[in-house]
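Trainee: sequence-free structure coming up:
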């Protein structure tokens, strides 16, 4: 079975540009979450989506947005890129995203975004 | 708010040494606790988890016990290998699958 797939794997953008990152969850998983991991730090929660609805949002500016499609894949969009947006962006999928004892999030390999 | 604190690294050990990486947490209610591992250039892999007090999670020789009285979830392994060299993240989740991570601890194991 395919795991969580993210594209592209690497990306270089210029300040002020816009970027779209993509994620395909594990088959059968309905919840997708996005995390930002700055070098040397732990991942920080950006968004969680379930059944195309936003379920949670972290402390990120409005330049960050996301959506989930009917097939449960997801896109993360970042506008007006800043140098500080350079990071590894991780996508995680889970069955329903409700937490609890049976919850488990599976991560993709990430997209390495470099803003120059 | 909820948070996770991990010991700072790097932790440098010789092969076959005993490993402890400390993790404490602050949370309301009864979170689930996790250890994730990140190998160079890769995403995160779930190493083990525990979902209620006194549960012990274990996998690949690693263990961690959910201690509510000390709000801790320390990671241990009796004999590390060079292949265990990676960054280890302690994390919690409360009422959704949103994960709150610690800053990570780099483990370096030398032959």
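Mentor: Looks like it arrived, so ask away. Remember, it's a predicted structure, so these values are computed and weren't measured experimentally.
Trainee: near chain A, which residues of chain B show up?
Mentor: When proximity is defined as C-beta under 8 Å from any C-beta of the partner chain, chain B approaches chain A at B:4, B:32, B:36, B:42-46, B:49, B:51-52, B:89, B:91, B:93-104. Any C-beta I mention is one placed from the backbone N, CA and C, and that applies to glycine too.
Trainee: What segments of the chain are strands?
Mentor: Since no chain was named, I'll use chain A. A:5-7, A:10-13, A:19-24, A:31-37, A:44-50, A:53-57, A:64-68, A:74-78, A:87-94, A:106-107, A:111-115 (DSSP state E).
Trainee: my bad, chain B
Mentor: Using DSSP E, strands in chain B cover B:3-6, B:11-14, B:19-21, B:23-26, B:32-38, B:44-50, B:56-59, B:62-65, B:75-77, B:86-93, B:100-101, B:105-110.
Trainee: What count of nearby residues applies to the closest residue to residue A:58 other than its chain neighbours?
Mentor: Excluding the flanking residues, the one nearest residue A:58 by C-beta to C-beta, 6 or more residues apart in numbering or on different chains is residue A:45, at 4.1 Å. Other residues near residue A:45 come to 22 when the count uses other C-beta atoms under 10 Å in any protein chain shown.
Trainee: and the residue in chain B that chain A sits nearest to, what pLDDT?
Mentor: Proximity of chain B to chain A (C-beta to the nearest C-beta) peaks at residue B:101, 3.4 Å away. On the pLDDT scale, residue B:101 is placed at 95.
Trainee: for residue A:51, same thing?
Mentor: On pLDDT, residue A:51 comes in at 88.
Trainee: and it, how many neighbours?
Mentor: Count around residue A:51 with other C-beta under 10 Å applied: 12.
Trainee: Do me a favour and get the backbone dihedrals for it.
Mentor: Backbone torsions for residue A:51, taken as degrees, to the nearest 10, come to phi 50, psi 50.
Trainee: Hmm, residue A:30 and it touching each other?
Mentor: Yes. Using C-beta atoms under 8 Å as the test, residue A:51 is close enough to residue A:30 to be in contact (5.9 Å).
Trainee: For stretch A:37-47, buried residues please.
Mentor: Neighbour counts over stretch A:37-47 (16 or more other C-beta atoms under 10 Å in any protein chain shown) mark A:37, A:42-47 as buried.
Trainee: which of the residues you listed lies closest to chain B?
Mentor: Taking those together and measuring to chain B by C-beta to the nearest C-beta, the closest member is residue A:42, at 3.4 Å.
Trainee: give me the number of residues near the nearest residue to the closest one once chain neighbours are set aside?
Mentor: Once flanking residues are discounted, residue A:42 sits nearest to residue B:101: 3.4 Å by C-beta to C-beta, 6+ apart. For residue B:101, the neighbour count with other C-beta under 10 Å is 22.
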